[in-house]
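**Student:** Sequence first, then the predicted structure:
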Amino acid sequence: MKRSQITRVLIEGDPGLSRKLCEQIERGHAVAIVRGPEKSLVMGKARDSVSRQPFYLGEILVTECVVDIGGTHGIGVLIGEHPERAYELAVIDAALNAGLSETKDWTDEFRAEEARIASRLKREHALVMKTKVQFDTMEESYGNR
């Protein structure tokens, strides 16, 4: 599983999963906080759909954290003010970077959570589609074709 997929699953999924994985690492390894969770502003970048040129939307509030596990750094960054989640993401990132033995069993958990997210998004999409309005032109509604 790609790192971008794992990050998306940890951020969009159940917060209990990242908490559980973080605690699992903390039980067996010393986690040193290099830079504690802190708020920052980053520029949101987008691409113009016509000219395909990049431009900046504005500033986005993020929470970021850096930790160290046995000489391997991990970084956690997410939109909003979530210091605990940023720390948990950093610990998980460091564990994955270090290739700790605990991480070998995580792929199944990530895939299961990814399936739950997909199911939730599908349900939300179905709810939105129920509100979709079908517009007919006056000609069609009066049979004047």
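**Tutor:** Received the coordinates, thanks.
**Student:** and E113, how many residues sit next to it?
**Tutor:** Other residues within reach of E113, judged by other CB atoms under 10 Å, total 20. In this view, the C-beta of every residue, glycine as well, is placed from N, C-alpha and C.
**Student:** Quick one: list the elements packing against the longest helix belonging to the chain.
**Tutor:** Longest helix of the chain, by residue count under DSSP state H: helix 106-130. Other helices and strands packing on helix 106-130, by 3 or more CB pairs under 8 Å, 6 or more residues apart in numbering; DSSP states H and E, are helix 3-12, helix 15-28.
**Student:** what's the angle between the helix or strand following the last one and helix 15-28?
**Tutor:** Along the chain past helix 15-28, the next helix or strand (assigned with DSSP states H and E) turns out to be strand 31-47. Put simply, strand 31-47 runs at 140 degrees to helix 15-28, going by axes from the mean of the first three to the mean of the last three CA atoms, to 10 degrees.
**Student:** so which of the helices and strands packed on helix 106-130 comes closest to L100?
**Tutor:** helix 15-28 (6.8 Å; CB to CB).
**Student:** Enumerate the positions of that closest one that are buried.
**Tutor:** L17, S18, L21, C22, Q24, I25 (16 or more other CB atoms under 10 Å).
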